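# requesting a structural model of the entry that follows:
(2 chains)
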Amino acid sequence: MGSDFVMLSLVPMVIAALAAVACALPGNFLLLRRQSMLGDAISHVVLPGIVVTFLVTGSANPWAMLLGAGIAALFSVLLIELIVRSARVEPGAAMGTVFTAMFAAGVLGLERSGASGVHLDVEHALYGNLESLIWLDAEGWSSLADPEALAGLPPELTLLAAVTAVVGAFVMALWRPLSVATFDEGFAATLGLPVRALSLALIVVAAMACVAAFSAVGSILVIAMLICPPAAARLMTNRLGHQVWLSLGLAILTALSGYVLAGYGPLWLGFAGSVSAAGMIAAVSGVILGLAALTGRHRRRTGSPLSTPADRPYKAPNA
Amino acid sequence: MIPQRQIAPVASLTVPALSISGLSVAYDDTIVVGDVDARFMSGTMTAIIGPNGAGKSSLLKATLGIVPKLAGHVAFFGEPLDTVRDRVAYVPQRAGVDWDFPARVLDVVLMGLYGELGIFGRLRPSHEKRAMDCIARVGLTDFARRQIGALSGGQQQRVFLARALAQRADILLLDEPFAGVDAATEKALVQVLHALRGEGLAIVAVHHDLATVPAYFDHVLLLNRRRIAEGPVATAFTEKALAQTYGARGAAHA
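Take a look at the predicted model:
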């Protein structure tokens, strides 16, 4: 039982948890900046980035994919900004146009490229392939101390661990600038903080997390990891630090319980087989957000769109 | 060269807390502030007045480098902003931020200390005490641990002022500090601002209520994209200047 678990489930569960943590960290700030939609855009353009990288390099090396997807994310952000400025449409419309078009191009590229044989078929790109990230060299818990077995760990694990460390270091090191600039960008600028660079750096970090999570949950479901745990945590506390820690706890809980439910849930209900772990993780994160919305201590706040009109922030006339 | 203006003789001998010359700001090819000169002295309190769209906020933001300048020169205490940031505090428009942000009053006021603390500086109990003193000065002690979204508009404006106080600056630039606040808050804010002026700070505020200008302020800058008039309230805040600033209809307010 133990050896089966280590071989088949341990690595996917750790990967899912790491992906959830890496996404939730920048997700907290995207949420507070009202840029959740941008997170959605980034997570979608990761796909064409990966496809183009595959076409250019001919390999499915995860580090090359990381670079390619990062470039695609930056490209899409620039393109969105360009469209907003030149066509003068609202950012939401520009994002919707850019990320659906780029995502669709990515799907077409996938179909046409003959990439389907390797790791990159459409289904995996969309839903991830968490269940296939097994540790074949493992014989039991003792393998955790066996260098030979450790060398056989899926490369996705190393990638995710590295990315999670980078994302965590970014958020910890820039905690103060990030929080001031997120709350009050104008004030942050008067403190001499490079607010535009910070905002761009946050997008780059979010893109890194999205790419790393791509292999675990697939392109479509990354948004659930990016936004749902922070949104649920926001409803449970009124302090930024608490919100971020809570979101990490929820992210891990979501990833692990989603994985287990996908594997055993159908059996418990009397059905044969299992369902997609990525799909179940996203579904669980939605359920947790729903529960938080129903029971969260701070779900009705003065000044939030839910409160009465009289409590809404005063909108000063254009000065 | 900065042309001579009507400024109190004693003040004109010292370096202005803020001097602006030839400042222009444009958004998307539209000039919103055109070639404005102005000087603000320590120990004075100046209202920037003008109709909606006159470029009052843009002038303030360009002065602080929040929006880019098209042209012009800005000096705080005779120096570029970058070298004297710790002496300059900005109170943005309350409506410009999301008050739903997960922070307490104390957390926001502590942001006023970030410039001093840097990225890694340890937040000590003495810093918290200083922030609490600033919160007390604006009369929010009982609210220090409340979430900022749970405050009234007037209380939120007080939070912003407390954050600026925590910066211990020598010049305070405020964007519509009295917009949408209750009468008690307006009175309390004016009291604090007058005390700060008495301590030698320069206070500059974008203001829209012409009726309260003489009671609150000692200097005015009348602005409508370009500078219409500048100087002590007694000499610059005239019917003629107001008519020029607002057009004939607006002057009736004065």
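# my read: A:G263 touches A:S274, true?
Yes. Judged on C-beta atoms under 8 Å, A:G263 makes contact with A:S274 at a distance of 4.9 Å. Just so you know, the C-beta spots here come from the backbone N, C-alpha and C atoms, and that holds for glycine as well.
# more neighbours: which of those two?
When A:G263 and A:S274 are compared for neighbours, A:G263 comes out ahead with 19 against 15, by other C-beta atoms under 10 Å in any protein chain shown.
# so which strand or helix has that one?
Element membership for A:G263 (DSSP states H and E) is helix A:240-268.
# gap between A:T182 and chain B?
To chain B, A:T182 is 7 Å away according to C-beta to the nearest C-beta, to the nearest Å.
# the helix or strand that residue falls within - contacts with which helices or strands?
Element membership for A:T182, per DSSP H and E: helix A:175-183. In terms of contacts (3 or more C-beta pairs under 8 Å, 6 or more residues apart in numbering or on different chains; DSSP states H and E), helix A:175-183 is packed against helix A:11-32, helix A:185-190, helix A:195-234, helix B:114-117.
# mind listing what's buried in the longest one?
Going by neighbour count (16 or more other C-beta atoms under 10 Å in any protein chain shown), the buried part of helix A:195-234 is A:195, A:198-199, A:201-234.
# on contacts alone, who are the packing partners of the helix holding A:G263?
Going by 3+ C-beta pairs under 8 Å, 6+ apart, helix A:240-268 lies up against helix A:11-32, helix A:195-234, helix A:277-295.
# where does the chain have low pLDDT?
Chain wasn't specified; assuming chain A. A:1, A:113-123, A:125, A:215, A:220, A:298-319 (pLDDT under 70).
# hmm, no, I was thinking of chain B.
Checking chain B against pLDDT under 70 turns up B:1-13, B:248-254.
# ranges for the strands of it?
B:18-27, B:30-40, B:45-49, B:71-76, B:88-91, B:171-175, B:202-206, B:219-224, B:226-232 (DSSP state E).
# of these, which is nearest chain A?
strand B:88-91 (4.3 Å; C-beta to the nearest C-beta).
# tell me if the closest one is near chain A.
Yes. Remark: strand B:88-91 sits within contact range of chain A at B:88-90, by C-beta under 8 Å from any C-beta of the partner chain.
# got the residues of the stretch 151-300 of chain A near chain B?
A:173-174, A:176-177, A:179-180, A:182-184, A:186-187, A:189-192, A:234, A:237-240, A:242-243, A:298.
# any of these buried? List them.
Neighbour counting with 16+ other C-beta under 10 Å marks A:174, A:176-177, A:179-180, A:182-184, A:186-187, A:189-191, A:234, A:237-240, A:243, A:298 as buried within these.
# could you dump the strands of chain B into JSON lines with mean neighbour count added?
Shown next, in JSON lines, are the strands of chain B (neighbours: other C-beta atoms under 10 Å in any protein chain shown):
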{"stretch": "strand B:18-27", "mean neighbour count": "19"}
{"stretch": "strand B:30-40", "mean neighbour count": "20"}
{"stretch": "strand B:45-49", "mean neighbour count": "26"}
{"stretch": "strand B:71-76", "mean neighbour count": "18"}
{"stretch": "strand B:88-91", "mean neighbour count": "25"}
{"stretch": "strand B:171-175", "mean neighbour count": "25"}
{"stretch": "strand B:202-206", "mean neighbour count": "26"}
{"stretch": "strand B:219-224", "mean neighbour count": "25"}
{"stretch": "strand B:226-232", "mean neighbour count": "20"}
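# with distance to B:R146 added, can I get those strands in a markdown table?
As requested, the strands of chain B are exported to a markdown table (distance: least, C-beta to C-beta, whole Å):
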| stretch | distance to B:R146 |
| --- | --- |
| strand B:18-27 | 34 |
| strand B:30-40 | 34 |
| strand B:45-49 | 30 |
| strand B:71-76 | 34 |
| strand B:88-91 | 20 |
| strand B:171-175 | 23 |
| strand B:202-206 | 26 |
| strand B:219-224 | 36 |
| strand B:226-232 | 40 |
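# ramachandran angles for whichever residue of the stretch 151-254 of chain B sits closest to chain A?
Nearest to chain A, among the residues of the stretch 151-254 of chain B, is B:G180, at 3.2 Å (C-beta to the nearest C-beta). With angles defined as degrees, to the nearest 10, B:G180 sits at phi 70, psi 20.
# what is B:F40 paired to in the beta sheet?
B:L18 (DSSP bridges).
# so it is in contact with B:L201, correct?
No. Applying C-beta under 8 Å, one finds B:F40 not in contact with B:L201, separated by 10.6 Å.
# quick check: the residue of the stretch 151-254 of chain B closest to chain A touching B:R94?
Yes. At 7.1 Å, B:G180 counts as touching B:R94 under the criterion of C-beta under 8 Å.
# so for the two, which sits in the more crowded spot?
B:R94 (23 against 18).
# report the separation between that one and A:A233.
26 Å (C-beta to C-beta, to the nearest Å).
# what's the neighbour count on B:F178?
20.
# ditto for A:A161
16.
# residues contacting it?
Residues near A:A161 by C-beta atoms under 8 Å, 6 or more residues apart in numbering or on different chains: A:L18.
# can we see that at 10 Å?
Residues in contact with A:A161 (C-beta atoms under 10 Å, 6 or more residues apart in numbering or on different chains) are A:14-15, A:18, A:22, A:153, A:212.
# how about B:R158?
The contact partners of B:R158, taken as C-beta under 10 Å, 6+ apart, are B:105, B:135, B:137-140, B:143, B:151-152, B:177, B:181, B:185, B:188-189, B:192.
# quick one: which of the residues you listed is nearest A:L108?
B:L151 (51.8 Å; C-beta to C-beta).
# do I have it right that the closest one meets B:R145?
No. Counting by C-beta atoms under 10 Å, B:L151 does not reach B:R145; the two are 11.8 Å apart.
# identify the contacts common to the two.
Joint contacts of B:L151 and B:R145 (C-beta under 10 Å, 6+ apart) are B:V105.
# more neighbours: these two, which one.
Legend: neighbour count by other C-beta under 10 Å for B:L151 and B:R145, higher for B:L151 (19 against 11).
# looking at the helices and strands packed on helix A:175-183, which is nearest to B:R130?
Taking the helices and strands packed on helix A:175-183 one by one with C-beta to C-beta, helix B:114-117 is closest: 9.8 Å.
# before we move on, the earlier item: just send the helices and strands packed on helix A:175-183 back as JSON lines, with distance to A:G279 too.
Listed next are the helices and strands packed on helix A:175-183 as JSON lines, based on distance: least, C-beta to C-beta, whole Å:
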{"stretch": "helix A:11-32", "distance to A:G279": "12"}
{"stretch": "helix A:185-190", "distance to A:G279": "37"}
{"stretch": "helix A:195-234", "distance to A:G279": "7"}
{"stretch": "helix B:114-117", "distance to A:G279": "42"}
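# select, out of the ones you listed, the one closest to A:F75.
Of the helices and strands packed on helix A:175-183, nearest to A:F75 by C-beta to C-beta is helix A:195-234, at 10.3 Å.
# with just CA atoms, put stretch A:208-225 into CSV.
Extracted in CSV, the C-alpha atoms of stretch A:208-225 (Å, rounded to 0.1, in the frame of the first residue of the first chain):
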residue,chain,number,x,y,z
MET,A,208,6.0,31.7,-14.3
ALA,A,209,3.6,30.1,-11.8
CYS,A,210,1.1,29.5,-14.6
VAL,A,211,3.6,27.8,-16.8
ALA,A,212,4.8,25.6,-13.9
ALA,A,213,1.3,24.7,-13.0
PHE,A,214,0.4,24.0,-16.6
SER,A,215,1.9,20.5,-16.5
ALA,A,216,-0.2,19.7,-13.4
VAL,A,217,-3.6,21.1,-14.0
GLY,A,218,-3.5,22.3,-17.7
SER,A,219,-4.1,25.7,-19.1
ILE,A,220,-7.8,26.2,-18.5
LEU,A,221,-7.7,25.2,-14.8
VAL,A,222,-4.8,27.3,-13.8
ILE,A,223,-7.1,30.2,-13.3
ALA,A,224,-8.9,28.3,-10.5
MET,A,225,-5.6,28.0,-8.6
